[in-house]
Structures are given as C-alpha cells and as structure tokens.
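**Q** The sequence and its predicted three-dimensional model are supplied below.
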Amino acid sequence: MAHAFTAADATRHGANQLDLDTPEIRQARIDLAACFRVAARQGLEEGICNHFSALVPGFDDLFLVNPYGYAFREITASSLLICDFNGHVVAGEGQPEATAFYIHARIHKNVPRARVAFHTHMPYATALAMTEGDPLIFAGQTALKFYGRTTFDRDYRGLALDEHEGDRIAASVGDADIVFMKHHGVMVLGPTIAEAWDDLYYLERAAQVQCLALSTGRPVLSIDPAIAEAAYRQMREGDPESARLHLESVKRVLDAEEPGYRN
C-alpha cells in the first residue's frame, strides 16, 4: 500500500550551511517522536502508511517527517527526516513515503498556518469518513472540541502520488483544522505539535463513542447548537496549555517505559 518516493534531484544546494541542530529543532524532534510512539500505543496508525509532519522551527520551507518503511513504534527523534518542498532530504537517512511527501509538502506550502500535519487512517474516525452525510454528530461533549473546526473532502481520487493531488487536498482545507477525507482517513492540522496530538487523540475518542452510540440502534441526539457553540468556546480557551500538558504527560510515560524515542 505504501510507495517509495524519489526526488528528481536528491541534493539540496546549500543544505550543509543550514543549522539544523538547534535546541528548538532537537525538542521538536523529541516531541514528534513521542507522538509517533503514543499513537502506536493507541492503535492510531496503519502499517507503514501514515505520517506526521511539522515545519522545522526557524524555517518555513523545511519539514520533519517520518521515513518510509518504519512503523510508528520504531520512530526516534534522530530517525526523523528533514525535507524541503521539492522532495530533497536535507537531513536524515532514507526517503519519505511518496504520499507523505505529496500530501504534507503541499499542505505546509499552501496552508502556512498548518505548522503541523498529522495524517492517519485511525479506525473510528476513518469509519465515519466512509459513511453518508457529515462524519461527526455533535452529540457528545468530546466532539464539541471540534465544533465548527471540521471540513469534509468528499472528492476521493485514489492515492496522492503527485503534486496535483496534494494541491487539491490542501485546497480542501479552507479554514478547518480537521479534514475528514472521504473513503480515506483524516488530517489534523495544528500550530504546535502538542495541539495536533491533542486534537488527534480526542478526535478518535469522539469518533469511537459516536460509533458505539450508533451501534445501539437508538437515535443519537445532537446538542443544541447554541449550547454546542458555548461549550466549544469554553474548551478552546484553555486548549493550548491543556495540549502542552497532555504531551508532557505522554513523554513522562514514555520516559519511564520506552525512553529510546528520544535517541
């Protein structure tokens, strides 16, 4: 299912002059590696086909992404690649998976506010992307975290193996932070690694309880829009700090149980 990617010219001129070992970049590597590891623990990945990326601190045209061929639970801080928007690997061993490059490079380039992009085929959210109508029913409190923040890319065209499809996906984002991708999966966009992880986690939880509620066969009742909007605003007020603390808790657990992610 996954595809290898090869840039036409694998060398980026001037790459050796870039300082890609700053404390900020090192921390971004650690934080992103932690997200891969905890996502694996939560069953949010699918084989070697899903990908997380983040713009490199201090750069608007370079991004961190996982290398092709590795499961999420294998990722370490140092194994993450740094790529540019032309497909050159500026730092790291290996290449990105082809759809990882064509989706993430075009999103980071065309949607600059998306400093972080997490793409998965996580089961419950993906199941909702396969159904008729809008994926999320705003019937549970957790779902209200995403009230007014989602969009639905209904135009599935197969694998994203060229820039045109990457551009099309990026254009579908609009003002949303969460993109349900019809017949495919989800994309979570955020300003920080912590906020993207927080959204990814709670999105799958919201999708899971919705699937459970629907499985009862009883009507699922949406929350009154005025109350939903008010609750959403309450949640969003503290989201950045809550997300930061969420990721810090993840790293403490990993430090105790599998500290190799920091390597």
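**A** Arrived safely, thanks for sending. Numbers count the residues shown, from 1 in each chain.

**Q** can you give me the strands in the stretch 101-250 of the chain?
**A** In the stretch 101-250 of the chain, the segments counted as strands under DSSP state E, counting those that start in this stretch are 116-120, 150-153, 178-181, 185-190.

**Q** The first one pairs with which strands?
**A** Think strand 116-120. strand 51-55 (antiparallel), strand 185-190 (antiparallel) (DSSP bridges).

**Q** would you turn those strands into TSV with mean pLDDT?
**A** Shown next, in TSV, are those (pLDDT from 0 to 100):
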stretch	mean pLDDT
strand 51-55	98
strand 185-190	97
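
**Q** Ok, which of the ones you listed comes nearest residue 90?
**A** strand 51-55 (12.8 Å; Cβ to Cβ). Quick note: C-beta positions are derived from backbone N, CA and C, even for glycine.

**Q** what does that closest one rub up against?
**A** With Cβ atoms under 8 Å, 6 or more residues apart in numbering as the test, strand 51-55 has contacts from 28, 32, 35-36, 39, 62-66, 96-97, 99-100, 103-104, 108, 115-119, 193, 196.

**Q** For PyMOL, what selects the buried ones among those residues?
**A** The buried residues among the contacts of strand 51-55 can be selected in PyMOL (16 or more other Cβ atoms under 10 Å) with this line:
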select buried, resi 28+32+35+36+39+62+63+64+65+66+96+97+99+100+103+104+108+115+116+117+118+119+193+196
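
**Q** which ones among the contacts of strand 51-55 are found in helices?
**A** The helices, defined by DSSP state H, take in 28, 32, 35-36, 39, 99-100, 103-104, 108, 193, 196 from the contacts of strand 51-55.
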